[in-house]
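Visitor: Turn this into a structure:
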Amino acid sequence: MSQARGRAVSEPLVLLPGMMCDARLFLPQVVEFSSDTPVTVAPITGGERVEEIASALLAQLPARFALAGLSLGGIVAMEVLRRAPERVTRIALMATTPLPETPDYAASREPRIMGARAGRLAEVLREELPANALAPGGDSAEILALVQDMGMRLGAEVFVRQSRALQRRKDQVATLRKIRQPVLVLCGEYDSLTPVKRHAFMAELIPYAKLVVVTGAGHLPVLEQPRAVNRALRDWMRQPLVLR
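Guide: Presented below is the predicted three-dimensional model:
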């Protein structure tokens with residue numbers, strides 16, 4: 001049991017899941033934190049632009065909150081912070097990137113979008129998160145099965161919207177340079193989709209940032225190595241707020 005349990009936390013924690021994932025992505029974190037912290041897993045399934053998704057979230061979230069996002073969730077988190085920095089007390093960016101999509105990669109999404117619309121969502125989801133994006137061994141087969149189930153439950157329409165949002169996302173480097181809140185930048189050592197060097201670059205841009213590279217994890221460290229991720233999130237939540 002975590003020694004931090006029983007300690008009141010001043011702000012609620014909002015978790016934003018990755019592409020085609022629901023609250024089950026963060027089940028280990030919900031279990032860990034919900035005993036002493038109000039925890040919300042907010043959906044990022046509406047809108048074909050990151051800006052639309054962030055705007056809809058801000059209309060529903062608490063007045064002030066700690067914010068953690070993984071992959072597409074991290075991209076949305078950066079836009080939430082850009083729009084309402086006074087409402088975000090601290091931010092954790094996990095397995096994500098502040099950079100816009102390259103034209104080549106944006107074009108490579110079109111066959112998957114067409115496949116999802118043609119009824120081949122299961123196949124498309126396997127292409128979207130290949131097995132080599134996770135760490136070798138461990139529970140990777142079970143995790144991939146869970147990701148597949150989450151994606152099939154959300155459906156093709158959500159896949160298309162989220163793909164469009166990724167294609168159209170804007171550069172958030174300027175947003176990162178302006179952050180004055182406590183920041184956790186976290187990634188798995190085997191993440192081939194958003195590699196360690198990308199996170200090191202992010203951490204260098206951000207004042208007060210702490211970089212954590214999770215051993216034995218790939219693109220989904222929250223499921224692959226939940227204890228290590230929970231420790232990092234606990235440390236981040238304990239950091240005093242930075243006065244601006």
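Visitor: Quick check: buried residues in stretch 128-139?
Guide: Judged by neighbour count using 16 or more other CB atoms under 10 Å, the buried positions of stretch 128-139 are Glu128, Leu129, Ala133, Leu134, Ala135. Any C-beta I mention is one placed from the backbone N, CA and C, and that applies to glycine too.
Visitor: Same check on stretch 172-181?
Guide: Neighbour count says stretch 172-181 has Gln172, Thr175, Leu176, Ile179, Gln181 buried, by 16+ other CB under 10 Å.
Visitor: go on, stretch 16-36?
Guide: The neighbour-count criterion (16+ other CB under 10 Å) identifies 16-26, 28-30, 32-33 as the buried residues of stretch 16-36.
Visitor: Which of these fall in helices?
Guide: Filtering the buried residues of stretch 16-36 for membership in helices, criterion DSSP state H, returns Pro28, Gln29, Val30, Glu32, Phe33.
Visitor: Which one of the residues you listed is nearest to Ala106?
Guide: Proximity of these to Ala106 (CB to CB) peaks at Gln29, which lies at 30.7 Å.
Visitor: which residues touch that closest one?
Guide: Counting by CB atoms under 8 Å, 6 or more residues apart in numbering, Gln29 makes contact with Leu15, Val39, Val222, Pro226, Val229, Asn230, Leu233.
Visitor: tell me, how many neighbours does the last one end up with?
Guide: It refers to Leu233. The number of residues packed near Leu233 is 25, by other CB atoms under 10 Å.
Visitor: for it, phi and psi?
Guide: Main-chain dihedrals, Leu233, degrees, to the nearest 10: phi -70, psi -40.
Visitor: returning to that earlier point: looking at the buried residues of stretch 172-181, which two lie furthest apart in space?
Guide: Comparing all pairs in these by CB to CB, the longest separation belongs to Gln172 and Gln181, at 14.7 Å.
Visitor: Flag every buried residue along stretch 210-224.
Guide: By neighbour count, and taking 16+ other CB under 10 Å as the criterion, the buried residues in stretch 210-224 are 210-214, 217-224.
Visitor: export that stretch as CSV, just CAs?
Guide: Provided in CSV are the C-alpha atoms of stretch 210-224 (Å, rounded to 0.1, in the frame of the first residue of the first chain):
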residue,chain,number,x,y,z
LYS,A,210,11.2,16.2,-14.5
LEU,A,211,11.9,13.5,-17.0
VAL,A,212,11.1,9.9,-16.1
VAL,A,213,12.0,7.0,-18.4
VAL,A,214,10.1,3.8,-17.3
THR,A,215,12.2,0.7,-17.5
GLY,A,216,10.4,-2.3,-19.1
ALA,A,217,7.7,-0.2,-20.8
GLY,A,218,6.8,0.9,-24.2
HIS,A,219,4.1,3.2,-25.5
LEU,A,220,1.6,2.3,-22.7
PRO,A,221,3.6,2.6,-19.5
VAL,A,222,0.5,3.1,-17.4
LEU,A,223,-0.5,-0.5,-18.1
GLU,A,224,2.9,-2.1,-18.7
